[in-house]
Each structure stands twice: as C-alpha cells, then as structure tokens.
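Enquirer: model this:
(chains A, B and C)
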Amino acid sequence: MAPQYAPSLRSHLAPMLLVLQLGFILIYAFYIEIESNIKVYGITFSNMYPEFHDVNVMVILGFGYMCTFLVRYGFSGSGFNLLVTVIAIQWAIILNGIDNWYYRGKIRIDLKSLVVAEMCAASALISIGVVLGKTNPVHLILIALLEVSGFVLNEWLLQTLLKVPPLNSIMLLHIFAAFFGLMLTRILYRKGSEQPFEKEKVDRKTGLFSILGTLFLCVFWPSLNSVLVDNRTPGRRLGAVLSTYLALAVSAVTAAAVSSLSSPEGKLNPIHLQSCMLAGGVSIGVSMPAVHQPWEAMTIGFTAAVVSTIGFRYLKSHMLLAFKFHDTCAVLSTHGLPGLLGWLAHLLLQIKDCDDHTRIPLAIRFAVFHICSLITISLSLCMGIITGLLLKWNFWRPPQDKKCFDDQAFWEFLHLAVQK
Amino acid sequence: MAPQYAPSLRSHLAPMLLVLQLGFILIYAFYIEIESNIKVYGITFSNMYPEFHDVNVMVILGFGYMCTFLVRYGFSGSGFNLLVTVIAIQWAIILNGIDNWYYRGKIRIDLKSLVVAEMCAASALISIGVVLGKTNPVHLILIALLEVSGFVLNEWLLQTLLKVPPLNSIMLLHIFAAFFGLMLTRILYRKGSEQPFEKEKVDRKTGLFSILGTLFLCVFWPSLNSVLVDNRTPGRRLGAVLSTYLALAVSAVTAAAVSSLSSPEGKLNPIHLQSCMLAGGVSIGVSMPAVHQPWEAMTIGFTAAVVSTIGFRYLKSHMLLAFKFHDTCAVLSTHGLPGLLGWLAHLLLQIKDCDDHTRIPLAIRFAVFHICSLITISLSLCMGIITGLLLKWNFWRPPQDKKCFDDQAFWEFLHLAVQK
Amino acid sequence: MAPQYAPSLRSHLAPMLLVLQLGFILIYAFYIEIESNIKVYGITFSNMYPEFHDVNVMVILGFGYMCTFLVRYGFSGSGFNLLVTVIAIQWAIILNGIDNWYYRGKIRIDLKSLVVAEMCAASALISIGVVLGKTNPVHLILIALLEVSGFVLNEWLLQTLLKVPPLNSIMLLHIFAAFFGLMLTRILYRKGSEQPFEKEKVDRKTGLFSILGTLFLCVFWPSLNSVLVDNRTPGRRLGAVLSTYLALAVSAVTAAAVSSLSSPEGKLNPIHLQSCMLAGGVSIGVSMPAVHQPWEAMTIGFTAAVVSTIGFRYLKSHMLLAFKFHDTCAVLSTHGLPGLLGWLAHLLLQIKDCDDHTRIPLAIRFAVFHICSLITISLSLCMGIITGLLLKWNFWRPPQDKKCFDDQAFWEFLHLAVQK
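Expert: Take a look at the predicted model:
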C-alpha cells in the first residue's frame, strides 16, 4: 500500500516535528515567562477564563470535527487538525510576542496571548481546509507555519501603519486565510481534479460527526467574537454576544430557505446549512466593532447566508472548472466572501454612525478601509503563492492521486475490525 | 423518490422561512434594542455568561444530538432541531418582551432574555420529540410557533393571575410541552402506527450519538436549573446546582436498577438509561424552588427515575395501542410524568416548610397549586388540539407513511458514499 | 445468547444498585447539608462554577467517550462509565467528609466537595479502563467502591502523616489508579488472553468517538489542574492553566513524532496520539505545584510523551506476554508511568527551587517524597490484590471469554436495525 510514499512520514514528519518542538522549547526557555500581573486592562482571570475555554473548544473540537466529513479521512481530519493547531499556537505565541521581546527582552504570556494565538491557529486551520485530503502532514505543518507568519505580519502592518485597532485586524483572519488557501490550491492543482476524487465522499455517520463539529463552532462563536472586546466600555461584550447569536440564528434560517430554493428537487443540503451558518458568524465577526443594533447583526447574517449558499451552490464548481481552484471545504464561500461582506458592512455602518461618535473624516475612513483590504488580500495572495511554490517541491512527497482523501496512507490500523 | 412530496419543501418551506425571517428582522429593527444597563438584579455579564452558554449547549447540542438515534433520520433530527430552535428563540424574545414593549415602546434584551427564550425553545423541542419523524419541517415550524405562543401565554397567565414567581412558571415547560405534544400526536395519528414504522430503528452508532446528546443534557443540566435562580439570596444558586447534580446521579443509578429488573432477560436498555436520567433532571427542575436539602433532591430523583422507567417500559406501548398516542421520543415518560411528580414534590415540600418561612395559609397554597396545574394542562391540551387540527390540513403535505423516519425525503446527498 | 449469564444483571446488579442508592439517600438525609457560607477561602460560586463544569464534562463526556473505541462495546463503555461515575461520586462525598462529620456531626458540601469527589471518580474510571470489557457491571461497581475507598485512605494518610498539601495528594490519583488497576488485572488474568479477544477491535467510527472523548479531556484538562489551586496566591491559577496547555500541546507533537518513528511503516497510530496527549496532562498534573516556568511544563510534556509512546508501543505487549497484565486501555503507559515521571519532576523542580522559597532541608524532602511514593504504590497494589481476590469469586458471574467486549451480554436492543 503505497510503500514508496508512506515512509515519507518517518523520514520527514518525525524529524520535522522533533526539531520544531525542541526549538520551541528552547525559545520558550529563554524568552517566555508567565505574566504575573493578574489584572490587565480590567480583565481578571475569572472574567476571561470561560471565554478562553470556549475558543479552545472551537479550535480543537469544532474545526477538528468539522473536517471529519470525508468518509475515509476522519482520523486525518481530526488528527492533523490537532497537530497543526498545537504547532501553530506555539509558533503564534512567539511571533505575537516579538515586539514585547524587542522592548523588554522577555515575552510575557497570559490568557489573552493564548486566545490571540488560537485565533492565528484558526486562520491556519481555515487555509488547510482548502487543501484537505490532497496533502500530507508535512505539507500541512509548513502551511501552518507560513500562514501564521503571514497573518501576524499582516496584523502588524495594519496596526502600525494604519493604526487599525487590534480587534479589527485580528478579525480579518477569515479573509486572509481564505485567499491564502485559494492561491495555494491553485498552485497545487492536480490534473484530473475536475472529477471528484475516488474517495472524496460523505457518509451518513461522518456527516453527523461533521455537523457535531459545526454545532460546536456555532454554539461557542459568541465567545470568539466577544473575548477580545474591551471590557472597559460597559455593555460592549454583551452587545457582541447578542449580535453574534442573532446573526447565527438568522443565517441558519436563511441558509435553509436558500438551499431549498436553489435545489433542483427542493431539498435541503446538510453541507449548505453547516457552511452558511458559519458564514453568518464570519460576517458578524468581521463587522462586530461597528454593530450596535440587533437588526444590523441580523441583516448581516441574512446577507451572508444568501451570498454563501449561492456561492456554495454555483461558485464552487465554477471556480474548479474555470479557474482550477479545488476547494475541499468550500472556504471561499464560507470564509472568503462572508468575510469581505462583513468588512463592507463594517465600513457602511461606520459611515452611518459617522457624525455621531467620531471625528475622522469620511474620505480618510474610505482610504483606510481600502488600504486594509488591499494589504490583507495582496499579502495573503503572495504568501499563498510562496507557500504553494515551496510545497510543489517533490521533496515533500505529496500523496498520489489515488491515495488522496484516504487515512490508510498515514495511519496504522491495528486490530481494525473488518469494515462492515 | 416521492417527487410528489419532496417539492413541498421548496414551495412551502422556503417562502415560509423567508417571510418569517424578514418579518423578524423588521420587528427587531423597530422594537428591539440591547440592554445598556449592565448590572440587572445584581447579575453581571461575567456572572451569567458561563451558565447562559451551558443552556445554549443543551438546547443546540443536547437536544439536537439526542434526536439522532433513528438510524436513517440523523440529519433531520439534528438539522430540524437547529432550525426550530433558532426560529423559536427569535419568536420567544418578541413574545416575552410584549409587556416591556407595551409600557416602554421598546423591548430591551440581555443575556437573561436569551436564556428565557432558549427555555421556550426547549419546550418547543420537547413537543417536537413526540411527532419526530412523522412530520415535515413546515409542520415543525408551525408547531414551534404555536407551542411557544401557548407557553408564553401560560406563563403570563400564571404570573399575572396567580402571582407565581417567574422561575416556577418557566419550569413548568416540561409539563406544558409534554401534554401539548401528546394531544398533537393523538390528532395526527396515522392508521397502522401500531406496528413500528419500517425505518423506526436504532443503530449502534446512532445510539452512541444519541447518548452523546443525552450526556450533554445531563452535564449541563445544573446550569439550566440554576441560571434563573436569584443571585441575591446567597447560596441559592449553589443549592440549585448541587441538588440537580445529586438528583441526576441518583436517577441514573435507579434507572439502571429498574431497567434491569423490568427486562425479561435482566438486561439494561440504553434508551431507559438516557430518558430516565433526564427524568430526574425534569423533576428536580420543577420542584427546585422548594428543595433545600440534598436528600430531598435525591428522593425526587429516585422517584422520578422509577416512575419514568416503568412508564417507558409499560406505558409507552399501552398509550399507543389503547389510546393511539404514538410518542416517538417517549416524552410522556421523560418529561410529562416526571414534571407532574416534580410539581407535586414542590407542593409537599412547601407544605413541610410551611410554618418555617411563609405566612400564606395552606389552603391557598393548595388552591394555587391546583389552579396552576389546571391552567397549564388545559391550555397545553387546547393548544395541542388547535395545532393538531391545523396540521391535519393536507395543504402542508405530510410525508407518506413509507417516507416517515427517512432523511431521503428532505435532504440531498451529493457524492454520498454507497452505504456499506 | 448466554441466558445463564445475562440474568446475573437482574439478580445481582439491580439489588446492589437499589441497596447502595437507598443507603446513600439515608446517609445523605442524616449527615449531609449544603454549605451556606458562600465564600470559602476567597473562592466564590461564580469563580469556581466554570471550572467545576469543565471537570464534570471531562469525567462524564471525556472518559465515557474515550472508552467507546471498542467496536461492539460502545454502549457499555459509555453507559457503565456513567454508572460508575455517579456511584463513585456519591460515595466519595461521604468518605471525604468523614473527618468533617467526626468533628461537627454534619458533612457540609459545596462545589469544591463535588470537584474532589469527581477526581476520586476519575481515579476509579482509570482503574476500570484496565479491566474494561472483561468484567460485568457488578464487578465495576465493586471496583469503584474499593478503589475510591483506597484512594481516600491514601490521601488521608499522606495529608495527616506527611503533611502533604491536599492538591499534591489528590494529583497522585493517576499513580494510585494505574497500579491498582494493574494488580487487579493480573489477578483476574484469564488463560488465553495472549491472543486478542475475538471482539477486541476498533472501527473507524468508534475510533472517531474515542478521539472525541480524548479531545474533551484535552480541551478541559487545564481546568482539572487549576480548579483546586489556591486562589489566594495571585497568578497561580493562570500559571496552572498555561502550563497544562503548553504541556498538552508539546506532548501531542512529540507523540506524533515518536509514533511515526517507532512504526515499522512510518505511519501514525491514532491510539498513540490519544494516549500520549493524555500522558502530558497526567505528568503536568502531578508536578503542577512545583512548575513555575513555561519551559518546565513543556519539557515535562515532552518527556511524558516519549515515555508513554514507547511504553505503548513495546511495554504493553511485553507486560501481557511476560507478566500476564492484560491492560485494555494501556493505563500503565497513559497514567502510571507519566504519573511517576511527573512526581519525579515535582521533586527535581522542588530541589532546584529549594533555596529560593522554602526552609525545609533537602534530606527531609527526599524522605517525604520517597515515603509518599512508597505509601501510594504499596497501598494501591494491596487494594488491587484485595479487590482482585474478591472479584475472582464466581458468585459475581464474570462474562465468558467469548462474551467479553460485547454489548450484547448486557444491553437489550429493541428494534435494532440489522447491522449493515
């Protein structure tokens, strides 16, 4: 069974993991210490811990189980997701602390550092969703390292050059990750991918696992959007939670309606429902800092679900056939378009509230908005191209076409029951 | 495959969802705003958020996955559950805010409004458990809208006419939902249902998903019972959590014992264990405001599990054969009887503690108790009959008998792996 | 189908459960009351509730679903786990409160009592993992009662004789449980177990359920390690959370590397990944009180994963063939060795920090350390032998060899779909 490919795991994966891990331990030994000031910006441990945990559940359980929908790729979906997450988090903690290290010589970590690192890991996981099943774990780790580096660079550019608040720039993770992943899959395009791969299939039971993952994401999404909201303005966190909640609810209803309308038989598609609920969460996440009324959140959720369902139904195959983007988890419709939509909504809402709260002229806002989008999208496309070219190198031994979407290439099954 | 029925989803479900959703957005745009007073009744955001989340997990993950036990109805079980939840929550927020709107012109929402709305949604989900598999999603949404309206009306009647505290009246949701659902299934009775439907079956794997859902409910139940308990009396929330916890533990042990005793082969039944654990939670939830000692909670859990297991073993088939109640999820034994038992325990405990704390004469307590039960049960039965008659209308295109309990009628499976 | 064995459930299990449960209710009625002092040692209800919940999720969902990996033993894995947990918790609350009862006549319970009781239950669940599939539920309940008694006795000995802080002595649960279980399985050894049992197999889907359970454990493990940490020293809980988090991350990466290195085909083994992540959590849990720097936690996680993966790969079959320890869940590699490793790390770190914080001479520390290990290990071995001898008694009707690892012996399947 592909004996010429499987050993790549031993000869590449194991040394890579060991070197990375020992390197991380060394860096942490010299430069990282635990924050001893227990109350930073009015947020205590007890205030933040439950929301930190929810984000943790989303990243590990939510993303992991969402990726188990492929019938023969469940172990890889959840296992590689875990591996990538823990590496990306350790890497992101270091990268996010670089300026801290620059000024103080030490990086101090607290719950907030972990939350930010988990969001960076989430952006890596989104990118990986695009190429899931067509790569080996060595690829995935390289993608994660480069994607996280690119995302942190993007965040730093926006925060230092354009004075974008941290919350806003972090929430661009959906846009960055989606375009990064798309460019990556374009470069890694395999001939013959117009036809679905032999094992690119869903099963009833794996579908249920995947719905479970999605529901984890939905249930805990309000925490993802509220955890970094400043506690000092009273009511902002409550607003973030309620807006996210309502946007998710609206997008679920809308996705069901549009899915049924656009189906030839008038039936619902479980994958539409899953992806489009998330689309609502993505949009509201990106536009969160400007949302102040429940109906604004609901309208954003509604639009996101419409865009995403239609994108899923028509755009996915079009992108594949016309532009050779093979997008396993439909990340463009789930994160890319809703992210852009949310960013646009952010701008519109800011313009609407302009004379009320702010003193920055409209033209400057427009400019900042466009430059932000421009930087994020171009940086993500560039990083995607670089990563793609690196991964095309045969040294990393990509799985053969017929081994794609198959756990067998990477996992050993001892005493496995005969498949019934 | 049933081309004459499937399109009903497009022609009825999609317009219905869109109209409902756009209507909700309009109502929210004009009448709903986010509470800006961050500390209501001594409960801050951080105090309430973890428990709010637990309730959220229960309603979406718990109920959703509990309903996946049918081997060919997993997508519908979890998907329709989600759809019904999000619609019921939006509807309940509006209904619960009507008096607020009447006096102030605006409905202010905070975490507590969401929690109450989720409990209303839970009551709709319980009712839907009775008719699961024999209805289409249009039915389910109508049931949810009417059930929630009835339940909010009931709550309002009890609170304004009888001065029942809000916590007590909300906890009657189990009783209301069970009797509503029973009356509904009686009216929707199909000839030939004495025999199990062709696809009304459980599978090992779907059984495990269903146990997962139940465990979510059990683990987070203490939050459901404590979240609305007044924070101002110190120790009441702790008491609620501990009582619920102990009652659930006792009911699990008791359910196993009674299930094994009543089985012809002396074996355990996984569904008994699941339902009867929940029965303990239901009983203690309804009687919570009067429980002050651990042993009281444990005795209530014990009795509830005995009643529920015996109800499950003997009453379910008896109700079907003798009275034509086809009760898919055995809601009568899981929520109806334990709910009544809890209400009775509430009365008894209040009488016991009578001379200690209170000054209201015993006779009046008795009267209030009976009137409460009377109002709740009659209103639920009436609403059940009205809903049932509405749903009997063929316009809603009920699924054919052989399409019952089958995902195929509602969901499209693209690239589905051949069932192995 | 084994009619001569199945009835044992009715004739033994049901009376046992009823007697135990009624006994517990009686004891609780006379001796247990709810703590009315809401703020104990600076920890309020709201501070502790989220972490209490996480521990609850770990014990019920995590351990329960981790044990569903056997293809025909999923109901038993999760169901018996639940049964054992709820009995062990009720029992542990009583045992832990004995000195309270001795001095005050009443046992007062609060969230902390429940958390400690859940940790005792966790230790029983670990022991049960060793004999899973080869025992009936009556055995499991006896094991749980005796194991919890032994563990509480051990804790009491360490705390009163050696003045070990409560947190340190509770964290020895992994070591105690592992050695207790090992001795038990040695005594219950069945001839012919060198060959895997007929039904001791894993399936893709049950593997995914098991990974789900493991991920629950990993995600919530930081709460397990931090919940009992004293809140009065600021930053200690934050430190506990971050250390656990980093240790788990490192152990996941390391486990993947070592698993791939030690596999003949260079592939990953999903069970290694699962067990060895937990190993990191175990080690860091035991050494937690002495860990102050992130890199210390990471090094401990690294070492634990190496030891555990190698133990899993080579030691498990060696222990079976050479010493007749049939260890279903590989508890020795997952909890035993990493626990000892953590305890050793605890000592080393204490010695390192010796001159900084403490005034107790090194020699005494060494002595206390060795006596602790000695007491814990000898007590666990003794209790294991006693329990094993008790269970060997044929009165308890052990399952026949061919009924091992089979749900059919204990669960009735009504309307079960034909296995496809």
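Enquirer: what are the ranges of the strands in chain A?
Expert: Using DSSP state E, the strands of chain A run over residues A:32-34, A:107-109.
Enquirer: quick one: mean pLDDT for the last one?
Expert: I take that to be strand A:107-109. Computed over strand A:107-109, the mean pLDDT rounds to 90.
Enquirer: adjacent strands (with direction) for that strand?
Expert: strand A:32-34 (parallel) (DSSP bridges).
Enquirer: ok now the partner strand, how far from the chain's centre?
Expert: Distance of strand A:32-34 from its chain centroid, counting by C-alpha atoms, centre = their mean, to the nearest Å, is 27 Å.
Enquirer: about what we covered before: as TSV, the strands of chain A with distance to residue B:161 would be great.
Expert: C-betas here are computed from N, CA, C, even on glycine. TSV is the format used below for the strands of chain A (distance: least, C-beta to C-beta, whole Å):
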stretch	distance to residue B:161
strand A:32-34	58
strand A:107-109	57
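Enquirer: could I get the ones you listed as JSON lines with distance to residue B:371 and mean neighbour count?
Expert: Shown next, in JSON lines, are the strands of chain A (distance: least, C-beta to C-beta, whole Å; neighbours: other C-beta atoms under 10 Å in any protein chain shown):
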{"stretch": "strand A:32-34", "distance to residue B:371": "60", "mean neighbour count": "21"}
{"stretch": "strand A:107-109", "distance to residue B:371": "60", "mean neighbour count": "22"}
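Enquirer: closest to residue C:188 out of the ones you listed?
Expert: Residue C:188 lies closest to strand A:32-34 among those, at 45.1 Å (C-beta to C-beta).
Enquirer: ok, and what's touching the closest one?
Expert: Contact with strand A:32-34 is made by A:93-94, A:97, A:106-110, C:235, C:238-239, C:242, C:292-295, as judged by C-beta atoms under 8 Å, 6 or more residues apart in numbering or on different chains.
Enquirer: quick check: residue A:239 vs residue A:165, distance?
Expert: 16 Å (C-beta to C-beta, to the nearest Å).
Enquirer: got it, and residue A:130?
Expert: Using C-beta to C-beta, one gets 28 Å for the distance from residue A:130 to residue A:165.
Enquirer: correct me, but residue A:207 touches residue A:270?
Expert: Yes - using C-beta atoms under 8 Å, residue A:207 is in contact with residue A:270, at 5.9 Å.
Enquirer: more neighbours: residue A:130 and residue A:165, which one.
Expert: For residue A:130 versus residue A:165, the count of surrounding residues by other C-beta atoms under 10 Å in any protein chain shown is larger for residue A:130: 31 against 13.
Enquirer: how about the residues of the stretch 201-350 of chain A by chain C?
Expert: Within reach of chain C by C-beta under 8 Å from any C-beta of the partner chain, the stretch 201-350 of chain A has these residues: A:205-206, A:209, A:212.
Enquirer: how does it look with 7 Å?
Expert: Contact residues (C-beta under 7 Å from any C-beta of the partner chain) of the stretch 201-350 of chain A with chain C: A:205, A:209.
Enquirer: now whichever residue of the stretch 201-350 of chain A sits closest to chain B. Nearest residue, chain neighbours left out?
Expert: Nearest residue of the stretch 201-350 of chain A to chain B, counting by C-beta to the nearest C-beta: residue A:266, 2.9 Å away. Counting by C-beta to C-beta, 6 or more residues apart in numbering or on different chains, the nearest residue to residue A:266 once its immediate chain neighbours are dropped is residue B:10, at 2.9 Å.
Enquirer: what do you get for residue A:59?
Expert: Per C-beta to C-beta, 6+ apart, closest to residue A:59 is residue A:118, 5.0 Å.
Enquirer: can you tell me how far the one you found is from residue A:54?
Expert: The value you get for residue A:118 to residue A:54, if C-beta to C-beta is used, is 10 Å.
Enquirer: for the closest residue to chain C within the stretch 51-200 of chain A, what are its contacts?
Expert: Among the residues of the stretch 51-200 of chain A, residue A:86 lies closest to chain C, at 3.8 Å counting by C-beta to the nearest C-beta. Going by C-beta atoms under 7 Å, 6 or more residues apart in numbering or on different chains, residue A:86 touches C:249, C:252-253.
Enquirer: if you set the cut-off to 10 Å instead, what comes out?
Expert: Contact partners of residue A:86, counting by C-beta atoms under 10 Å, 6 or more residues apart in numbering or on different chains, are A:21, A:59-60, A:121, A:144, C:218, C:245-246, C:248-253, C:256, C:277.
Enquirer: where exactly do the helices run in the stretch 151-300 of chain A?
Expert: A:166-171, A:173-187, A:204-226, A:236-262, A:270-287, A:294-310 (DSSP state H, counting those that start in this stretch).
Enquirer: then the third one to PDB, C-alphas only?
Expert: What follows is helix A:204-226, C-alpha atoms only, in PDB (Å, rounded to 0.1, in the frame of the first residue of the first chain):
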ATOM      1  CA  ARG A 204     -24.300   9.400   7.000                       C
ATOM      2  CA  LYS A 205     -22.200   8.900  10.100                       C
ATOM      3  CA  THR A 206     -19.300  11.100   9.100                       C
ATOM      4  CA  GLY A 207     -21.900  13.700   8.100                       C
ATOM      5  CA  LEU A 208     -23.200  13.600  11.700                       C
ATOM      6  CA  PHE A 209     -19.700  14.000  13.100                       C
ATOM      7  CA  SER A 210     -19.200  17.000  10.900                       C
ATOM      8  CA  ILE A 211     -22.500  18.500  12.000                       C
ATOM      9  CA  LEU A 212     -21.400  18.000  15.500                       C
ATOM     10  CA  GLY A 213     -18.200  20.000  14.800                       C
ATOM     11  CA  THR A 214     -20.200  22.700  13.200                       C
ATOM     12  CA  LEU A 215     -22.600  23.000  16.100                       C
ATOM     13  CA  PHE A 216     -19.600  23.300  18.400                       C
ATOM     14  CA  LEU A 217     -18.500  26.200  16.300                       C
ATOM     15  CA  CYS A 218     -21.900  27.800  16.300                       C
ATOM     16  CA  VAL A 219     -22.600  27.400  20.000                       C
ATOM     17  CA  PHE A 220     -19.300  28.900  21.000                       C
ATOM     18  CA  TRP A 221     -19.000  31.500  18.300                       C
ATOM     19  CA  PRO A 222     -20.300  34.300  20.600                       C
ATOM     20  CA  SER A 223     -17.300  33.800  22.800                       C
ATOM     21  CA  LEU A 224     -14.900  34.000  19.800                       C
ATOM     22  CA  ASN A 225     -16.300  37.400  18.900                       C
ATOM     23  CA  SER A 226     -16.600  38.800  22.400                       C
END
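Enquirer: nice, that's everything, thank you.
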